[in-house]
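> the following comprises the amino acid sequence and a computationally predicted model.
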Amino acid sequence: MTIDIDEIARTLAACQEYEISALHWDEHHKAALAVALKKYTDEPFKVYRLLRKEQGETLYLLCLASHQTNKACEAEYRKTSFFRRSMPFLLLFSIFLLTAFFAKSKDSFLSATFLISMPFVMGALFEYVRSVSSQRVASIKNVLKTQLWVMLILLIVSVFVLKEGTICVIMASPLLLAALIIGALLMRSVCQYLWKPTKKIYSLALLPLLLIAFLPKQSSDYFGQTQREMIIHAPQTEVFRAINQIGQIKVEEVPDSFIFTMGFPKPIFGMTEQKAEGMVRTIQWERGVKFEEKVLANHSPYLLSWDYQFNKNSFPKGSLDDHVEVGGQYFDLLKTDYQLEKIDDQTTKLILTIDYRVSTEFNWYSKVWINYVLAEFSDVVMTIHKNRLEKS
């Protein structure tokens, strides 16, 4: 839409002030108006931003230099450089990065304070800075696009600066993105309907840091269970023998699964042996992971049950993310059992049940991922047995 600069100059000279939408105002129009105004008056003009808005759009007030308006305005509008517009983003990012390092030092990465409050405040403040810099309220579509870029930056920083593993990053991503978007959309509504801009709002950047520093951890234990079943076309006795004598697992035997893309190691060996302390299953995964499973019940060919025995060498450094280490502070496997149900002489239903513990401040979210990972891993293991037995 074009505007009539001469008409604006004539009205401004006659009425001493003129309102114009930010959509129709830029430095080019300002220079053109300065030339056109000289036909009607020698007095220069100033540009102010009105505190009120129309349908979410920023308004500017053009005033002759000697005129004192009674309308609520901010300071005189001046064009700012890219560097000055970027400074709030850089400062906020620095504060949030400092908060992340502080949370890492306090082992608070899996606290609700860090994973929810920090991205919520980030989304809100980045949207506030964007709104103030552009002098207009963004569409919801643009808010979502902005937060996706913020999310991408968060992921890059998490992996390459904070040295977090891909497993933790992928699991946390939906929660982080949801908090970012909710914070941004809330700030968008606040900027559009309630508040006038104020620099005091930047103090919110310190809120996650203060919460991490002073709020005690509120984690609790949740005990859950996953159960998967698979039909195998093989006799019950052969299936029972196979789950005890796994042996070496070839790479091509392991089905594709997203959990391996995430970074979980694949199984490579398993065997049940009789030792002095009883029957023990020795399990090996990729990246040097090795642990034992003490057999609790061995009722051939119906039931095989065990619990887990981990030690400090079970998971070498780098084999799993610290926050998802099995037997660690946040997660543990408790008991697992195979149940075999005979359907007919050549068909067996294999049921794999896994009991686990998760200990975070948001078990409602963590258990969704744990159920998914354990279910996928169960399917992988049972598929290996199924393919071997049905090919033999």
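Great, that's in hand. Numbers count the residues shown, from 1 in each chain.
> rounded mean pLDDT for the helix or strand containing Val121, please.
With secondary structure defined by DSSP states H and E, Val121 is part of helix 118-134. Predicted confidence along helix 118-134 averages 82 (mean pLDDT).
> where does the residue positioned nearest the centre of the chain fall, secondary structure wise?
Nearest to the mean C-alpha position of the chain, counting by CA atoms, centre = their mean, stands Ser173 at 2.3 Å. Counting by DSSP H and E, the element that carries Ser173 is helix 166-193.
> got it, and Ser94?
Per DSSP H and E: Ser94 is located in helix 82-105.
> what are the ranges of the helices in this protein?
Using DSSP state H, the helices of the chain run over residues 5-15, 27-37, 82-105, 112, 118-134, 140-160, 166-193, 207-214, 236-244, 258-262, 363-391.
> nearest to Arg228, out of those?
When the helices of the chain are compared by CB to CB, helix 363-391 sits nearest Arg228, at 4.1 Å. Placement of C-beta: from N, CA and C, glycine included.
> for that closest one, name the packing helices and strands.
If you count contacts as 3 or more CB pairs under 8 Å, 6 or more residues apart in numbering; DSSP states H and E, helix 363-391 packs onto strand 220-232, helix 236-244, helix 258-262, strand 267-275, strand 347-360.
> mind listing what's buried along the second one?
Residues of helix 236-244 classed as buried by neighbour count (16 or more other CB atoms under 10 Å): Gln236, Glu238, Val239, Phe240, Ala242, Ile243, Asn244.
> wait, the third one touches Thr348, no?
Spelled out, it's Val239. Yes. Val239 sits in contact with Thr348 when judged by CB atoms under 8 Å, with a separation of 4.6 Å.
> what do these two both touch?
Ile232, Leu340 (CB atoms under 8 Å, 6 or more residues apart in numbering).
> what sits closest to Gln16 if chain neighbours are left out?
His67 (4.1 Å; CB to CB, 6 or more residues apart in numbering).
> closest one to Lys71 among the helices and strands packed on helix 363-391?
The closest approach between Lys71 and any of the helices and strands packed on helix 363-391, judged by CB to CB, belongs to strand 347-360 at 52.5 Å.
> point out where the stretch 1-150 of the chain drops to low pLDDT.
For the stretch 1-150 of the chain, residues meeting the criterion pLDDT under 70 lie at 1, 53-56, 74-89, 108-109, 133-137.
> burial of the closest residue to Leu304 other than its chain neighbours, as a residue count?
The spatially closest residue to Leu304, leaving aside those adjacent along the chain, is Tyr338, at 4.5 Å (CB to CB, 6+ apart). By the criterion of other CB atoms under 10 Å, Tyr338 has 20 neighbours.
> who's in contact with Tyr338?
Taking CB under 8 Å, 6+ apart as the definition, contacts of Tyr338 comprise Ile243, Leu303, Leu304, Ser305, Leu350, Ile351, Leu352.
> nearest to Phe96 among those?
Distances from Phe96 to the contacts of Tyr338, taken by CB to CB, are shortest for Leu352, at 42.3 Å.
> tally of neighbours for the closest residue in space to that closest one that isn't next to it in sequence?
Once its chain neighbours are removed from consideration, Leu352 has its nearest residue in Ser378; the separation is 4.7 Å (CB to CB, 6+ apart). Applying the criterion other CB under 10 Å, we find 21 residues in the vicinity of Ser378.
> pLDDT at Ser378, what is it?
For Ser378, pLDDT reads 97.
> then Val381?
In this model, Val381 carries a pLDDT of 97.
> which ones are touching it?
Pro267, Leu352.
> correct me, but Lys342 touches Gln236?
Yes. With contact taken as CB under 8 Å, Lys342 and Gln236 are classed as touching, separated by 4.6 Å.
> list residues touching both of the two?
Contact with both Lys342 and Gln236 is made by residues Thr348, according to CB under 8 Å, 6+ apart.
> show me what the helix holding Val121 is packed up against.
helix 82-105, helix 140-160, helix 166-193, helix 207-214.
> OK, contacts around the closest residue to Leu50 other than its chain neighbours?
Counting by CB to CB, 6+ apart, the nearest residue to Leu50 once its immediate chain neighbours are dropped is Leu59, at 4.3 Å. By CB under 8 Å, 6+ apart, the residues touching Leu59 are Glu19, Ile20, Ser21, Ala22, Arg49, Leu50, Arg52, Lys53.
> roughly how far does Leu59 sit from Ser131?
Between Leu59 and Ser131 the distance is 15 Å, computed by CB to CB, to the nearest Å.
> buried ones in stretch 65-73, by neighbour count?
Judged by neighbour count (16+ other CB under 10 Å), stretch 65-73 contains these buried residues: Cys73.
> for it, measure first residue to last.
Using CA to CA, to the nearest Å, the end-to-end distance of stretch 65-73 comes to 15 Å.
> list the contacts of that stretch.
The contact list for stretch 65-73, computed with CB under 8 Å, 6+ apart, reads 16-17, 43-46, 48-52, 61, 63.
> may I see the ChimeraX selection of the buried members of those?
Only the buried entries of those go into this ChimeraX selection, using 16+ other CB under 10 Å:
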select :16,17,45,46,48,49,50,61,63
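> would TSV of the contacts of stretch 65-73 with distance to Gly318 be doable?
Converted to TSV, those look like this (distance: CB to CB, whole Å):
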residue	distance to Gly318
Gln16	71
Glu17	67
Glu43	72
Pro44	67
Phe45	65
Lys46	62
Tyr48	59
Arg49	54
Leu50	58
Leu51	55
Arg52	58
Leu61	61
Cys63	65
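> which one of the contacts of stretch 65-73 sits closest to Cys191?
For those, the minimum distance to Cys191 (CB to CB) is 12.0 Å, reached by Leu51.
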